[in-house]
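Chemist: pasted the sequence and its predicted model underneath.
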Amino acid sequence: MYLYNSASHKKEEFIPNHPELVKMYTCGPTVYHFAHIGNLRSYIMEDVLEKFLRYEGRNVKRVMNITDVGHLSSDADTGEDKMLQGAKREQKSVMDIAAFYTGAFFDDCRKLNIKRPDVVEPATNCIGEYIHIISGLIEKGYAYLSGGNVYFDTSKLDRYYIFNDHDAEDLAVGVREGVEEDANKRNKNDFVLWFTQSKFEDQALKWDSPWGVGYPGWHIECSGISMKHLGEDLDIHCGGIDNAFPHHTNEIAQSEAFLGHKWCNYWMHVLHLNTNSGKMSKSKGEFLTVSLLEEKGYDPLAYRLFCLQSHYRKALVFTWENLDNAQGAYSKLIARIASLKPGDGAVDEAAFQVQKEKFCKAMGNDLNTSLGVTALYDVLKMPSNDETKLALLDSFDQVLSLGLLEKAAARREADANVKTAASGGIVITGEGDPEIDALVLQRAEAKKAKNFAEADRIRDELKARGITVADTREGASWKRD
Ligand code: AMP
Ligand code: ZN
């Protein structure tokens, strides 16, 4: 496949270091709050990448960290640890906050059909690895002690900026608005590897180290966790675009200085989900979650479709209207698949291969997911039998993960329930809930027997449950408000 590599600023053919195993690393969530749907855009697109690599027949090992220590409120080593902010906000311990929001993150992933990476490692599990790398960096002269902390010395590198060709001064920490300069640093871009002293006193979790009791910086965790599980080289590293600087830039600096050779070959960055008022962010406090979408009646997979309809290297604007359109398209797509008849013949292998090649070509071109989605509609329009179409949709959904066949089967079953609710010539149509079907049928029967008081009583009961009933020529139909 071809993948845009942010490190070379080019689309490149993807060639793993070891043909038998693709090593993939993803920056995981900072678990001090719920993930917002912007964070989840990044995880959806990374999930598609992993699944497409597997679809092409590759073996993938994917590792993700859980940031439960060291990510300060500014990405540039100042402010309070985000985990501590979460603990104070909810008056709980840092570990309770981490456990709760890690669970919530994976609940959201499950609802969005995002596969759990093969290895998920909390940052607090790997203190020994960080100490080992930091000691190596000090030995090699890439790190120094100052004011009680250990810093990486960026002046020792031939090239520090990898992802952008910005003016060093524009990006230098301390120049950016609201970021206080740290007088202990020798160079403005130096970053903390290990804190024993920081700007705030009450860090909750601390560990012993050769440099005193303290805690790791945020960047070292991804280098440490990646090397622990994937060794000294890495094929693909992913994250949202805000991670490119300083986080990924610093990961490369410390990893390559420590290893003495190139570390990661391909960098994939997902552009942000924005609202009309700018980037969606947890620190702003107001953000949209998967649970909120569900409360408003949206299927989380309609949000997944919304993300797949656009390319990961373009910023995506979220509006309710856009989501309504995706939800409408998703329901129609499921309805069309539900109308296909399974088992109407044998799969036409030749037609299957032609469509599969088209799909692979689109997805293999830097994950063109919107063309991948178009491939689903192309299948529905094919002249082949339904069994071939269903086989293709099932196949593409191994990558797109829109729950197409499961949802279509549920829809077929719901339609069958409508028929079971037909009784004595009265036909009830609704949203496929047998209990509601039965109540609506009772009401229709009461009306037919001219027992209007009973019919009204049932209507009120249904209303209280958020159900609206409309009489039809054959009986009644109902829907949720
Ligand atoms: P965090 O939990 O803040 O460490 O972020 C988790 C992931 O979400 C990282 O890969 C971020 O780069 C990514 N991310 C943060 N904000 C957004 C956004 N608005 N849209 C897409 N991805 C984002
Ligand atoms: Zn990371």
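Modeler: All right, it came through fine. Ligands and ions are numbered 1, 2, ... in the order given.
Chemist: sec struct for the residue lying closest to residue 312 once chain neighbours are set aside, please.
Modeler: For residue 312, the nearest residue in space outside its immediate sequence neighbours is residue 45; the separation is 4.1 Å by C-beta to C-beta, 6 or more residues apart in numbering. Just so you know, the C-beta spots here come from the backbone N, C-alpha and C atoms, and that holds for glycine as well. Three states are possible here, and by DSSP: H, G, I helix; E, B strand; the rest coil the one that applies to residue 45 is helix.
Chemist: ok, residue 45 touching residue 272?
Modeler: No. The criterion here is C-beta atoms under 8 Å, and residue 45 misses it with residue 272 at 11.6 Å.
Chemist: which of the two has more neighbours?
Modeler: In this comparison of residue 45 against residue 272, neighbours counted by other C-beta atoms under 10 Å, the higher total goes to residue 45 at 24 against 20.
Chemist: which residues are in contact with the residue of the stretch 1-150 of the chain found nearest ligand 1?
Modeler: The minimum distance from the stretch 1-150 of the chain to ligand 1, using C-beta to the nearest ligand atom, falls at residue 38 (2.7 Å). For residue 38, the contacting residues are 240, 272, 273, 274, 279, 280, 281, 287, 318, by C-beta atoms under 8 Å, 6 or more residues apart in numbering.
Chemist: give me the neighbour count for the third one.
Modeler: I take that to be residue 273. For residue 273, the neighbour count with other C-beta under 10 Å is 25.
Chemist: what kind of secondary structure is the nearest residue to it once chain neighbours are set aside in?
Modeler: Across the structure, with C-beta to C-beta, 6+ apart as the measure, the residue nearest residue 273 apart from its sequence neighbours is residue 38 (3.7 Å). Three-state assignment for residue 38 (three-state DSSP): helix.
Chemist: from residue 29, how far off is residue 38?
Modeler: Counting by C-beta to C-beta, to the nearest Å, the gap from residue 38 to residue 29 is 12 Å.
Chemist: and stretch 301-316, what's its mean pLDDT?
Modeler: Stretch 301-316 shows a mean pLDDT of 97.
Chemist: and what of stretch 52-63?
Modeler: 98.
Chemist: would you mark the buried spots in it?
Modeler: 52, 53, 54, 55, 58, 60, 61, 62, 63 (16 or more other C-beta atoms under 10 Å).
Chemist: just flag the most distant two among the residues you listed.
Modeler: 55 and 63 (19.9 Å; C-beta to C-beta).
Chemist: related to what we said a few turns ago, go back to the contacts of residue 38 and keep what's next to ligand 1.
Modeler: Contacts with ligand 1 within the contacts of residue 38, counted by C-beta under 6 Å from any ligand atom: 240, 272, 273, 279, 280, 281.
Chemist: hey, where'd the strands end up in the stretch 201-350 of the chain?
Modeler: When secondary structure is read from DSSP state E, counting those that start in this stretch, the stretch 201-350 of the chain shows strands at 215-216, 234-240, 264-270, 273-275, 278-279, 316-317.
Chemist: figure out which of the ones you listed is closest to ligand 2.
Modeler: Comparing these by their distance to ligand 2 (C-beta to the ion), the top pick is strand 234-240, with 6.1 Å.
Chemist: contacts for the closest one next, please.
Modeler: With C-beta under 8 Å, 6+ apart, strand 234-240 has contacts from 3, 14, 16-17, 22-27, 38-39, 42, 46, 49, 226, 247-248, 251, 263-272.
Chemist: can I get that strand in PDB, CA atoms only?
Modeler: In PDB, the C-alpha atoms belonging to strand 234-240 read as follows (Å, rounded to 0.1, in the frame of the first residue of the first chain):
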ATOM      1  CA  LEU A 234       9.200   0.400  14.400                       C
ATOM      2  CA  ASP A 235       7.300   0.500  11.100                       C
ATOM      3  CA  ILE A 236       4.500   2.900  11.700                       C
ATOM      4  CA  HIS A 237       3.800   5.300  14.500                       C
ATOM      5  CA  CYS A 238       0.400   7.100  14.500                       C
ATOM      6  CA  GLY A 239      -1.400   9.900  16.400                       C
ATOM      7  CA  GLY A 240      -3.400  13.000  15.900                       C
END
